[in-house]
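Trainee: Structural data only, the sequence is not supplied:
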């Protein structure tokens with residue numbers, strides 16, 4: 001059973017940056033595609049970014065392109081999300097997720113089998 005634990009959330013002013021981390025345990029990390037999703041207050045969970053087994057392949061939601069960067073260190077079983085130029089609309093609970101197809105960059109929740117508990121990101125104006 002693969003477990004995912006996110007960290008790095010917090011409160012930041014608009015224009016600031018945060019680095020989210022997600023540490024995986026209980027499985028072979030390099031055998032998973034990985035993704036970040038977020039759920040803003042009162043809204044549905046949405047795709048943010050995804051990567052295949054190698055960080056060379058990645059995809060982003062249009063709303064975060066050019067501001068967020070997803071990466072992974074397979075040797076450390078860790079997924080990252082570098083978030084720059086944060087805006088109030090980025091306020092959400094951020095979740096990492098693991099996709100059992102390592103070569104796929106999943107953009108749908110149903111592509112992912114394992115989920116973390118989430119970390120809160122709040123951007124103040």
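Mentor: Right, received. Where do you want to start? Source: prediction; values computed, not measured. Numbers count the residues shown, from 1 in each chain.
Trainee: Where does the prediction get shaky in the chain?
Mentor: The chain contains residues with pLDDT under 70 at 55.
Trainee: now the strands for it?
Mentor: Along the chain, the segments classed as strands by DSSP state E run 3-7, 10-13, 18-25, 33-39, 46-51, 58-60, 68-73, 78-83, 92-99, 114-115, 119-124.
Trainee: Which of the ones you listed sits closest to residue 108?
Mentor: Closest approach to residue 108 among the strands of the chain is made by strand 46-51 (7.3 Å; Cβ to Cβ). For every residue, glycine as well, the C-beta is placed using N, CA and C.
Trainee: who touches the closest one?
Mentor: The contact list for strand 46-51 (Cβ atoms under 8 Å, 6 or more residues apart in numbering) reads 33-40, 57-61, 64, 68-72, 79, 81, 94, 99, 105-109.
Trainee: how big is the angle separating that strand from strand 92-99?
Mentor: Strand 46-51 runs at 40 degrees relative to strand 92-99, counting by axes from the mean of the first three to the mean of the last three Cα atoms, to 10 degrees.
Trainee: Next, the buried residues of strand 46-51.
Mentor: 47-51 (16 or more other Cβ atoms under 10 Å).
Trainee: can you pull the contacts of the residue lying closest to residue 59 once chain neighbours are set aside?
Mentor: Distances taken as Cβ to Cβ, 6 or more residues apart in numbering place residue 105 nearest to residue 59, at 4.6 Å, with adjacent residues excluded. By Cβ under 8 Å, 6+ apart, the contact set of residue 105 is 33, 35, 50-52, 57-59.
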